[in-house]
Structure formats: structure tokens, C-alpha cells
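> I'd like to go over a predicted model; first the sequence, then the structure.
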Amino acid sequence: MIAGLYIGLEGPSWVGAMMALANAAEPKVEYCRRFGIEIEEADWPCDAMPDRLLGDRGEMAGAMVETLIKTLRVNVENAAPYRADWKGIVEQRFNMIPAKFKAYVPGYVAPDFGERGARDYRLDGKLNLADFTEIFIRCVLYYNNHHVLKDYRRTPEMIADEAPPVPIELWHWGIVNRSGFLRSIPSEIVRLALMPSDDATVTAKGIRFWGCFYSCAKALEEHWFERARQKGNWKVRVSYDPRLMDDIYVQDGLARKEWRAFLCLCSFGLEAARAF
């Protein structure tokens, strides 16, 4: 069962893995509606975090995943290196899903790209990220609800219950007979737990992070900036989405809460304005 997805322009990175994991725990009805697709909850009933995640090293082996482990108590494991044969279902899925739509999508890059005399397929591209995501969602919905897994080895219990080898039917059978440890967690909490974190500096001008200054309700209530002017700067831990830095989240370890801080001044923009 494909539980979540993310379409972006990033290469293999924690950001892409973060968004795919967040989507796996997100209710899919509203998510699909954002791309003009109306579904019922039963069409894609994946909106929970698992007890255990198996990754393919890379993104799931870095320091970024530590926040997920500590906050949501998810056990993260990684497959052995140089053993693609242990991950055949996932590896082949990257080839099989594009095979469904490549004949109908303008700009799809054929294997002869780069060869002498071959067409530059990039000139035919007409889809934006939202259009491509819509196509991919429809492929995932077809796979989950109608694709028959011909080589899937059903257990004797599955055969006795006449559970067909279709992903959604196997999912429903597993929920009843092998419920596991799925946990429903609000999407906002999952996103915060997946975001990378770093140290920011509280100064008299604001919370300085990556050359920008932020402010939040907690800082104003407790007069952080006045205290920094009188007693000096100090560090705070923040979570952030590197794709969009308009907001960051200030961590409060004692209260186990995060405060949303909004961008109030960008030092790069200020210096450019002065130079102009």
C-alpha cells in the first residue's frame, strides 16, 4: 500500500523524505481535494504514523531523523547497503508508476535523451508541480484500489479469509487481523516533529536565524528583546522548513511546546536596500 507521497524539485534529501512521511500521516480526502480530486476516506485510508520505519539509508540515516525518533517515538531502521534485491518492490515501483502515464504526458524524457540527433524533450513540457502531482495521485489511487499483486505471497490465513492480493484489501485484512501500532497524530504535530532543528540567537533586534530576524508571542510576552539588550544574547532551539523560511518554530523544552515565530526583518534585504 502506498501510504504517502511528495512531489518536489529537490534531489534525494531529508526534506523530500520529511514531506512524504508527513503526507503518510495526513488525511487524504482534503489532500486530494487540493488537487481537484474528490475521494472518499475509504479510497485511501492511510492517515497514521507507524511504530517502525524501514529506510534505505541516505535520508533516514542522518542526524535530521533524531527529532522524529525522540518526539514521536518512532523506531527507525535502515536496510543494508548494496542490497537492492532486498527492496525489489520499492525499487521497481519507481519504474512501474511512470509507465502508466509516460505515453500521455508531454515532456516525458525518453531513454534516448542526450544522444546525437535526439529531441530535447524538455521543450515539450507543459505541466507544473500541481498538475504532475494530480497525475501521480491518480496513479497511486489506481494502484492501491485496483492493482492485483500477481506475485504476492499470501499467508494461509489470508487465503482462508479469501483476501485478494490487492493493496487496499490486504490493508483492511491487516488492520483487522494484524493491527500493529498505527497512531493517529495531528498533521501539524507530525510536521513539526519532522522539521530539522538548529540554534537561533535572541538579540535586541529579534530572534536571529540564517540572517533573518523573527518574533513570536512568547518573546513579546516575556520581553526577550529587552532582556537581550540589557543582559546580552542567548541561544534558543528552533524548528524550520528549509523550503519556506517565512515562519520558524521556537522550541520550549520545559513546556514541550513550540511557538510560531514570524519573519519581521531580513538582514540581507536591509543591506541591499541601504546599498541601493
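That came in fine, so what should we check first?
> Val190 and Val140, how far apart?
Separation of Val190 from Val140 (CB to CB, to the nearest Å) stands at 19 Å. For glycine as for every other residue, the C-beta is placed from the backbone atoms N, C-alpha and C.
> low-confidence ranges in this protein?
Low-confidence segments of the chain, defined by pLDDT under 70: 62, 89, 91, 180, 253-256, 266-276.
> for it, longest strand please?
strand 257-266 (DSSP state E).
> run through who's touching it.
For strand 257-266, contacts defined as CB atoms under 8 Å, 6 or more residues apart in numbering pick out 192, 205-207, 211-219, 238-239, 245-252.
> mind redoing it with 10 Å?
For strand 257-266, the external contacting residues (CB atoms under 10 Å, 6 or more residues apart in numbering) are 188-189, 192-193, 195, 197, 200, 205-219, 221, 236-240, 245-252, 272-273.
> cool, stretch 172-188 as well?
With CB under 10 Å, 6+ apart as the test, stretch 172-188 has contacts from 1, 3, 22-23, 25-27, 30-31, 42, 45-52, 71-75, 154-155, 157-158, 161-164, 166, 192-193, 258.
> count of neighbours near Ala84?
12 (other CB atoms under 10 Å).
> what about the helices in this structure?
Secondary structure of the chain, counting by DSSP state H: helices at 14-24, 28-33, 66-72, 88-101, 129-146, 156-160, 167-177, 187-194, 217-221, 224-231, 267-275.
> quick check: which of these is buried the most?
helix 14-24 (a mean of 21; mean count of other CB atoms under 10 Å).
> any idea of the angle that helix forms with helix 187-194?
Interaxial angle of helix 14-24 relative to helix 187-194 (axes from the mean of the first three to the mean of the last three CA atoms, to 10 degrees): 150 degrees.
> how close does Trp210 get to Val250?
14 Å.
> of the two, who's got more company?
Each of Trp210 and Val250 has its neighbours counted (other CB under 10 Å); Val250 has more, 24 against 15.
> so which residue is smack in the middle of the chain?
The chain has Met19 as the residue nearest its centroid, 1.1 Å off, counting by CA atoms, centre = their mean.
> how close does the residue nearest to that residue when sequence neighbours are not counted sit to Pro45?
Nearest non-adjacent residue to Met19, counting by CB to CB, 6 or more residues apart in numbering: Tyr6, 3.8 Å away. Relative to Pro45, Tyr6 is positioned 19 Å away (CB to CB).
> and Asp252, by the same measure?
From Asp252 to Pro45 the distance is 34 Å (CB to CB).
> so if I had to pick from those two, which one is more boxed in?
Pro45 (17 against 13).
> quick check: that one touching Ala24?
No. If you go by CB atoms under 10 Å, Pro45 and Ala24 don't touch, sitting 11.8 Å apart.
> thinking again about what came up before, what separation do you get for the residue nearest to the centre of the chain and Leu244?
Taking CB to CB, one finds Met19 at 12 Å from Leu244.
> check Asn75 too.
Computed as CB to CB, the Asn75 to Leu244 distance reads 30 Å.
> which one of the two is surrounded by more residues?
Shown here are Asn75 and Leu244; by other CB under 10 Å, Asn75 has more neighbours (11 against 7).
> for the more buried one, what are its contacts?
Contacts of Asn75 (CB under 10 Å, 6+ apart): Pro50, Asp51, Arg52, Leu53, Leu54, Ile69, Phe181.
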